[in-house]
Each structure stands twice: as C-alpha cells, then as structure tokens.
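Trainee: based on what follows, work out the 3D shape:
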Amino acid sequence: MIIFVDENDENTRLDNYLSGMFDNISRSKIQNFIKNGSILVNNCIKKPSYTLKQGDKIEFEKLENEELKIEPQNIPLEIIYEDENMLVVNKPSGMLTHPTSIERENTLVNALLYKYGDNLSDINGEFRRGIIHRLDRNTSGLLMIAKNNKAHEFLAQQIKDHTITKKYRAILKGNYNGDEDRIDLSIGRHPKQPHKMAIVPVKDGGKESITLLKVLERFKEATYVELTLITGRTHQIRVHMSHMRHPVYNDTLYGAGEGRVKTQEQVLQSYYLKFTKPFTNDIIELEIEPDEKINKVLTYYRNRRTK
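Mentor: The predicted structure is shown next:
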C-alpha cells in the first residue's frame, strides 16, 4: 500500500500519523513495524519520530491487524462534465478533497467511491482515489477526476506542462490598485508556521509561482477579481493576495480577518477549466456560475453602493 502525505498531516510524527490511521494497532506495534523496515518513507527506513513532509511516500505491505479503508458515502455530486476516462465535479466549499489520517468521512473521495467504486485512478494511493489536483476545504469549484491511471497520467502531464487553463473568481479585501497585474513571487513552506505557505526566495527552497489578476468590479472596501493560475502551488492565490496586502475576503489564515459579510472562510471559487480530453485532441472548456459566497458578498456591496 502507498500513501502520500498531505499538507494537512505535514509535521506529524510518523508513528503518530500511522497510529491515527490504524487505531486498532497499538502504537508500540506501529513503532516496531517502522524500526524493522516494514514501513518505508521515500523508499528508506526512518525513525518512528521522523517528522513527515508534504509529498512523502509511505509504503508498506499488509500490516498485522491492518484495517485501513475509506468508506463510500452517498453524498450528492454535482458533475459538470463526464466521459469514459474522467469527470469534472463542482466541489462545494467546506468539503475536503480527500481524507486525511484525522478526517476520513464526508470528503469528495468518499462520495466518488460510492458512485464509481474501483473505477478511479489509484496512482496517488487509497486516500486520493481519482484525485489529480485539489482545492482547499473552503474553496469551491471545478476539480478533474481520473477514472483510470492512464487518464490520470494524461491529465497530470497537462498540469505539469501548464497547458491547462484554470481561472478563479475571488473577492479581495480593500480596493486593489490597478486593473491588471502579474504576480510573480516564489512560494514555499512558511519558516515559522508550517501549516501555512509564504513568499520564499527560490534560493531558500521556494518554487516559481505566477498569478495573473484582472479586476472585474470595485467597491470601497473590496474588489471582485478574476485570477488565472500559470502555476499551481499550494495556497498560491491566497499567499499572493495576502502579500499584495489585499488578502482574499474572510481568509483568516492569511490575514483578511472577518469582513462585514460573514462566510465560510475565503471567498474563492475555481470557476473555469480548459483542457485536452484524454487520448484525443478535443479541447474541453467548462465554466460555472458564481457560488453562494461570491453572490452574497457582491449583493451586499452592490446594495451599499446604490443607497
């Protein structure tokens, strides 16, 4: 079995991570499995106290008393596009893309397993069946899902080559200066707060990160924008906007605080995808309407402006 560590589990001890995953196996047994090489991290034997990093590959054969299973759940899916190799869903705000060692229910993967069973790619392990890319819990919008490993590889290569177009809608805090912008600032793990990302120079481990911004509508206290991702780093839009001193509205993790209009954290939506259909030259172009959070904030500020 192969498991890839998600950002939500980064900086967790290896033994604690696996103990939380296999709650029917004692921690001492887990530690023994690690010490005797039954559990490998990135193809190497690590200490039980090893601190996990995002992207680490944990690999092991069946463990004694092992009981690791992600349960299918009958959760409605809003399917925007589907063919024999893939689908695109509209993930709601508040839903995790995939389970973690702590949360194993009510995620998009639980819903996908109920509808598609084993007809999902498993390149990224059991916890991420079908998942090619992801959205933060409180970011809504379009996500591509692979039904098989060949389709997964086909779509993942497009992401790697930056040939997929991904556009977002967002409300930013404050009145953004200028109508268009290109933010080209490398991003890496925050040096003091490892659950966050930050602007980090490439020489210090940051990765190239480019976001294009276009202002759609202005208000005295907020700005409605379209954001196009040239790269796709973790929390890229949120970090870039925070650095520009116009964080995404209600994004409390990156300094926005709570605005006048209350929503479930950041007002951010992945609304547009353009990609090549697997194993063809056909271009698929998808767009959805603004979500409930965006409409709620826009309605409030538009009404204030007309009074």
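
Trainee: and stretch 150-170, how far out from the chain middle?
Mentor: 13 Å (Cα atoms, centre = their mean, to the nearest Å).

Trainee: with stretch 186-194 instead?
Mentor: With Cα atoms, centre = their mean, you get 17 Å for stretch 186-194.

Trainee: residues making contact with that stretch?
Mentor: The contact list for stretch 186-194 (Cβ atoms under 8 Å, 6 or more residues apart in numbering) reads 10-11, 54, 196-202, 204-209, 233-236, 239-240. C-beta coordinates here come from the backbone N, C-alpha and C atoms, glycine included.

Trainee: give me the buried subset of these.
Mentor: Neighbour-count burial (16 or more other Cβ atoms under 10 Å) applied to those gives 10, 196-200, 206, 209, 233-236, 239-240.

Trainee: picking that back up, restricted to strands, list the contacts of stretch 186-194.
Mentor: M197, A198, I199 (DSSP state E).

Trainee: got these as a markdown table, with pLDDT and distance to I164 columns?
Mentor: Below are the ones in strands among the contacts of stretch 186-194 laid out as a markdown table (pLDDT from 0 to 100; distance: Cβ to Cβ, whole Å):
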| residue | pLDDT | distance to I164 |
| --- | --- | --- |
| M197 | 91 | 21 |
| A198 | 95 | 25 |
| I199 | 97 | 24 |
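
Trainee: and which of those residues is nearest N42?
Mentor: Among those, M197 lies closest to N42 (Cβ to Cβ), at 21.5 Å.

Trainee: how does the protein divide into domains?
Mentor: Per the record, the chain has its domains at 2-60, 69-161, 163-307, by automatic domain parsing.

Trainee: just list whatever residues bridge to the residue nearest to H243 when sequence neighbours are not counted.
Mentor: Among residues not flanking H243 along the chain, I199 sits closest, at 5.2 Å (Cβ to Cβ, 6 or more residues apart in numbering). Applying DSSP bridges to I199 gives these bridge partners: I187.

Trainee: so I199 sits against G206, correct?
Mentor: Yes: assessed by Cβ atoms under 8 Å, I199 is found in contact with G206 at 7.2 Å.

Trainee: what sits against Y176?
Mentor: Contact analysis of Y176 by Cβ under 8 Å, 6+ apart lists L213, V215, R218, T223, V225, M244, H246.

Trainee: kindly report the same for I3.
Mentor: Here I3 is in contact with M21, K57, I58, E59, G125, E126, F127 (criterion: Cβ under 8 Å, 6+ apart).

Trainee: looking at those, which is nearest G141?
Mentor: Set against G141, the nearest of the contacts of I3 by Cβ to Cβ is F127 (21.2 Å).

Trainee: confirm the closest one sits in a helix?
Mentor: Yes: counting by DSSP: H, G, I helix; E, B strand; the rest coil, F127 is found in a helix.

Trainee: right, and it touches V109 too?
Mentor: Yes: using Cβ under 8 Å, F127 is in contact with V109, at 6.9 Å.

Trainee: common neighbours of those two, please.
Mentor: By Cβ under 8 Å, 6+ apart, F127 and V109 have these common neighbours: I70, H98, P99.

Trainee: could I have the CA atoms of the biggest helix by length in the chain written out in PDB?
Mentor: Among the segments of the chain that qualify as a helix by DSSP state H, the longest is helix 292-306. Listed next in PDB are the C-alpha coordinates belonging to helix 292-306 (Å, rounded to 0.1, in the frame of the first residue of the first chain):
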ATOM      1  CA  GLU A 292     -23.200  31.400  -3.000                       C
ATOM      2  CA  LYS A 293     -20.400  33.100  -1.100                       C
ATOM      3  CA  ILE A 294     -19.400  35.300  -4.000                       C
ATOM      4  CA  ASN A 295     -23.000  36.200  -4.700                       C
ATOM      5  CA  LYS A 296     -23.600  37.000  -1.100                       C
ATOM      6  CA  VAL A 297     -20.700  39.400  -0.800                       C
ATOM      7  CA  LEU A 298     -21.400  41.000  -4.200                       C
ATOM      8  CA  THR A 299     -25.000  41.600  -3.300                       C
ATOM      9  CA  TYR A 300     -24.100  43.300  -0.100                       C
ATOM     10  CA  TYR A 301     -21.600  45.700  -1.600                       C
ATOM     11  CA  ARG A 302     -23.700  46.400  -4.700                       C
ATOM     12  CA  ASN A 303     -26.700  47.300  -2.500                       C
ATOM     13  CA  ARG A 304     -24.500  49.600  -0.300                       C
ATOM     14  CA  ARG A 305     -23.200  51.400  -3.400                       C
ATOM     15  CA  THR A 306     -26.700  52.200  -4.700                       C
END
